[in-house]
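**Q** Predicted coordinates and the sequence they were generated for:
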Amino acid sequence: MVLGEGAAVGLFVGGLLGWWEVWLNSDLSHRMFWLATQRLAGPTVRGAGWGILASATLALVMGELARRGRRPLWIAIVCFGLLWIAGLAALAFPFRETAFVLHRFSSHALTRTVFGLITAASLLLLAGRSWDALSRAGDSGNLGVLTRFRFVIAVLAAAWVALTLIPWVLLPRLSAARASGRPSVILVSLDTLRADRLGVLGSARPLTPLLDGIATEGMVFEQAMSAAPWTLPAHASLFASRLPFDQSRHWDYNHEVPLPQTLLAERLREAGYRTAAFTGGGYVSAQCGFSQGFEIYEDHDEVVEGGPETIAAAALAWVRAVRRVPFFLFVHTYEPHYPYVHADFANPSDAGRLPSVVTYKEIDAIHSGALILSEAERRYLTDLYDGDVAHADRVIGRFLQTLRREGILDGALLVVLSDHGEELWDREPNYSPDHGHSLYQELMHVPLLVRWPGRVPAGSRIRTPVSLIDLAPTLLALTGLPGDPAHQGRSLARTMQTAEEPPPRPILAEAIEFGPDRFLIREGNLKVVLTPYPDRFSIVPIPARTLEVFDLDADPLERHDLSAHLTKPVAEMVDVLWRRARGVLSGPTRDDEAGPPLPEELLQQLRSLGYLH
C-alpha cells in the first residue's frame, strides 16, 4: 500500500514537472510532439521510481521506530519531507541543463506558488497516509519483507540518484564551451533565393526589408558563389567544405547520399555546442545524411504545412530552451522555391492560363513545351516568385526580430544565405523557372550576410568573390576551434573581423545530375564553364557547349561567350578545369555508389517540390 502510494505521488509530481515544462516551451502549439513526449516521460518515470524508493526507505525507518515503540508524527513528516526534497532536487537536475526553464521559473511567481502548494499538499497527504499505514504494519509485524531487502533498496536508491545526476556529469563540455566565450551560431538557408532579389544586392523592388536591415548591421559578401546549382550538393558542400565530386559521384535523387565527411555540426557538438536543425526536408532531410552532428533534426513538409512559419516557431522554441549555453541552430526553408503561392506583387490580369498557386505540374508543362507562356504569364510567374521572396523575408525576419527582443540575437553569430538561385527566363525560353541544370550566375551567385555585433563591422561590404565552402572553416575559426585539413574552403575569419578584402583565389563549382557534368572556375571577373561531355544523357533538354568564357565585369548577364579568343589567363583556367574533370570523371560511375532507396514519404515530398515526376 505504501509503495503504491509512493509511486502514485511520484508519477503525479514528475508528470506535473514534465507538463509544466511542455507548457513553458509551447511544444504542443508548435507540433513538437516528440519533444513534449520526451519532456513528459523522463520526469514522470523518475518521479515514480523515486516515490517507490522513498516510500520503501521511509517504511524501513518507520518500521524500526514502530518496533521500538516510538511513533512521533513529527519524525514521519521530517523524514518523508527530507526524502522528497532530495527527490524533487534530483528530478529538477535534468531541467537545470535547460536554463530557459529556470529563467521562466524565476519569472512566473503565480506558477511557482501554485506548483509549490500542490506539491506540498501532496507530500503532506502521503506523509499522513504513510504514517497511518506504517503504524498498522509495525504493530502487526508486516515489515519483514522490506527489512530483508533493505540492502537492495539502498542500492537501488543510490543507483537512481546517480542516474538522475548523469546530466550534470555530462555538462562539463557545455560549461567549457560557455566559459570559453564561444558564440552561439545561427545559420539560415533560404532555398532558391537569387542574390539580385535582396535590396542590399541591387533589387529595385522592396522584397527583403527585414533581411536588408539585418545586412546593414553586419557584412554583405557581394560576390558569394555556391558550389552547386541545386539543393543537395550545395548544402553538402556548405557543411563539409568540399566540392560535390569530392564527396560523392552519386547524387541520384532515387538514393540516399552518403556523407562520410565530418560535417560542421559534428565539430561544434564535439566542442560542447547544443545542436539542432529545423528544415524543409526534401533534399535537406535527415535521410539525405544531413543529421550528422545534430542532437535534434526536424524535417517539415512545407507544401503540406503551408510555409516556413512552423519551422520558425519550432526553431524559436528550441532556442529558448537552450539559450544559456552555446548552441548551433540551422534553419532551412524552401521559400521561395516553387510551388509559388504569394501574389504580393502579381497582377491577376497577367495570370492568363496560370492558376493562383503555381505547382510543379505547371512548371513541368512549361519545361515539356506543353504550356508555352505569353510575356504576361511569364511576368505573372516571376511576380509570384518575388511574392514568395517577400514572404520568406517576413517569416525569417520576424523570427530574427523575436530573437533580438529576447536578448538572444545580439550575442550570436548570424549567417543568412541561399544554396542557389533560380532561372527566370534569363536565357532558356522553355526551361524556366528552375535550377540545377547550368552554372550561370542566376543560379550560382547567392546572398551571404553575416552579423555579429561588436565583432563583424556593421555596414561592411566585401567585393572579392568567395565560396560557400569557405563558411565551415570560417565558423570553426570564429568559434575558436581548429580547422579541418580535409576542408577545401578557406577561413574568412580575418575578413569578417576586419572588413579587409581577402586575397583573391580561384573559385570552383560543379553541376551534377541535372544535365551533363559541368565544371566552373572563377578568378576575379573571369569565369570559365567546362562541359566535357555535352552530349551525355541529360534529364534537361538544353544543348550544352563544351567551353564558355565570360567577363562578368563587362557582361554580368553572361550574354557574350569569349571562348573563341582565349587569352593566356583564360587558357590556364581551362587547363585547371580539364585536369579537374579528368580526375573526378575517371573514378567509379554513379551506379557503382547507389545506396538504398529513399523512404516513400520523402519521395512524395520531392515530387511535390517538382524534383520527381
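**A** Structure received.

**Q** Leu414 and Val188 touch, don't they?
**A** Yes. Using CB atoms under 8 Å, Leu414 is in contact with Val188, at 7.4 Å. In short, each C-beta sits where N, CA and C put it, glycine included.

**Q** Now do the same for the closest residue to Gly199 other than its chain neighbours: helix, strand or coil?
**A** Computed as CB to CB, 6 or more residues apart in numbering, the closest residue to Gly199 that is not its neighbour in sequence is Asp212, at 4.2 Å. Here Asp212 is helix, with the state taken from DSSP: H, G, I helix; E, B strand; the rest coil.

**Q** quick one: the closest residue in space to Thr498 that isn't next to it in sequence and His560, what's the gap?
**A** In space, and not counting its chain neighbours, Thr498 is closest to Pro457: 7.6 Å by CB to CB, 6+ apart. To His560, Pro457 is 37 Å away according to CB to CB, to the nearest Å.

**Q** Those two: who's more crowded?
**A** Legend: neighbour count by other CB atoms under 10 Å for Pro457 and His560, higher for Pro457 (15 against 10).

**Q** quick one: that one is in a strand?
**A** No. According to three-state DSSP, Pro457 belongs to no strand; its state is coil.

**Q** Wait, it touches Met219, no?
**A** Yes. Using CB under 8 Å, Pro457 makes contact with Met219 at a distance of 6.8 Å.

**Q** and for these two, which residues touch both?
**A** By CB atoms under 8 Å, 6 or more residues apart in numbering, Pro457 and Met219 have these common neighbours: Ala499.

**Q** ok, the residue nearest to Gly199 - contacts?
**A** The contact partners of Asp212, by CB under 8 Å, 6+ apart, come to 198-200.

**Q** Which residue ranges make up each domain of the protein?
**A** With domains defined by automatic domain parsing, the chain comprises 2-170, 176-456+465-608.

**Q** contacting residues for Ser237?
**A** Ser237 is in contact with 226-228, 243-244, 247, 468-469, counting by CB under 8 Å, 6+ apart.

**Q** Checking Thr275 next. Helix, strand or coil?
**A** Criterion first, three-state DSSP; result for Thr275: strand.

**Q** dump the residue contacts of it.
**A** Neighbouring residues of Thr275 by CB under 8 Å, 6+ apart: 265, 268-269, 293-296, 327-329.

**Q** Can you add secondary structure and distance to Ala376 and give these back as JSON lines?
**A** Converted to JSON lines, those look like this (DSSP: H, G, I helix; E, B strand; the rest coil; distance: CB to CB, whole Å):
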{"residue": "Ala265", "secondary structure": "helix", "distance to Ala376": "46"}
{"residue": "Leu268", "secondary structure": "helix", "distance to Ala376": "49"}
{"residue": "Arg269", "secondary structure": "helix", "distance to Ala376": "51"}
{"residue": "Gly293", "secondary structure": "coil", "distance to Ala376": "48"}
{"residue": "Phe294", "secondary structure": "coil", "distance to Ala376": "45"}
{"residue": "Glu295", "secondary structure": "coil", "distance to Ala376": "50"}
{"residue": "Ile296", "secondary structure": "strand", "distance to Ala376": "46"}
{"residue": "Phe327", "secondary structure": "strand", "distance to Ala376": "48"}
{"residue": "Phe328", "secondary structure": "strand", "distance to Ala376": "46"}
{"residue": "Leu329", "secondary structure": "strand", "distance to Ala376": "42"}
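
**Q** Quick check: the farthest pair among those residues?
**A** Leu268 and Ile296 (13.6 Å; CB to CB).

**Q** Look at the two and report which has more neighbours.
**A** Taking other CB under 10 Å, Leu268 and Ile296 do not tie; Leu268 has more neighbours (26 against 18).

**Q** Okay, and the beta partners of the closest residue to the more buried one other than its chain neighbours?
**A** Leaving aside its sequence neighbours, Leu268 sits nearest to Phe328 (CB to CB, 6+ apart; 4.5 Å). Beta-bridge partners for Phe328, by DSSP bridges, are Val185, Thr275.

**Q** could I have the one helix or strand Arg522 maps to exported to CSV, CA atoms only?
**A** Here Arg522, judged by DSSP states H and E, is contained in strand 518-523. Extracted in CSV, the C-alpha atoms of strand 518-523 (Å, rounded to 0.1, in the frame of the first residue of the first chain):
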residue,chain,number,x,y,z
ARG,A,518,29.8,20.8,-65.7
PHE,A,519,32.7,22.5,-64.1
LEU,A,520,33.2,26.2,-63.2
ILE,A,521,36.2,28.3,-62.3
ARG,A,522,36.1,32.0,-61.5
GLU,A,523,39.1,34.3,-61.0
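
**Q** helices and strands around that strand, which ones?
**A** strand 507-511, strand 526-530, helix 568-585 (3 or more CB pairs under 8 Å, 6 or more residues apart in numbering; DSSP states H and E).

**Q** could you redo these as a markdown table and give each row distance to Leu400 and mean pLDDT?
**A** Below are the helices and strands packed on strand 518-523 laid out as a markdown table (distance: least, CB to CB, whole Å; pLDDT from 0 to 100):
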| stretch | distance to Leu400 | mean pLDDT |
| --- | --- | --- |
| strand 507-511 | 28 | 96 |
| strand 526-530 | 33 | 95 |
| helix 568-585 | 38 | 88 |
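
**Q** Including distance to Pro355 and mean neighbour count, could those go into a markdown table?
**A** Output for the helices and strands packed on strand 518-523, formatted as a markdown table (distance: least, CB to CB, whole Å; neighbours: other CB atoms under 10 Å):
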| stretch | distance to Pro355 | mean neighbour count |
| --- | --- | --- |
| strand 507-511 | 31 | 24 |
| strand 526-530 | 35 | 24 |
| helix 568-585 | 42 | 15 |
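
**Q** As CSV, these with distance to Thr192 would be great.
**A** CSV is the format used below for the helices and strands packed on strand 518-523 (distance: least, CB to CB, whole Å):
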stretch, distance to Thr192
strand 507-511, 15
strand 526-530, 21
helix 568-585, 26
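
**Q** sorry, back to before: how close does the residue nearest to Gly199 sit to Thr333?
**A** 18 Å.

**Q** Now do the contacts for the residue nearest to Arg580 when sequence neighbours are not counted.
**A** The shortest distance from Arg580 to any non-neighbouring residue, by CB to CB, 6+ apart, is to Phe519 (5.8 Å). Contacts for Phe519 were tallied using CB under 8 Å, 6+ apart; they are 508-511, 529-532, 577, 580-581.

**Q** mind redoing it with 10 Å?
**A** Residues counted as contacts of Phe519 (CB atoms under 10 Å, 6 or more residues apart in numbering) are 243, 245, 439, 508-512, 528-532, 574, 576-578, 580-581, 584-585.

**Q** all helices of the stretch 201-350 of the chain, in order?
**A** Here the stretch 201-350 of the chain has its helices, by DSSP state H, counting those that start in this stretch, at 209-216, 231-240, 244-247, 264-270, 302-305, 309-322.

**Q** Tell me which of the ones you listed lies nearest to Gly480.
**A** helix 264-270 (11.0 Å).
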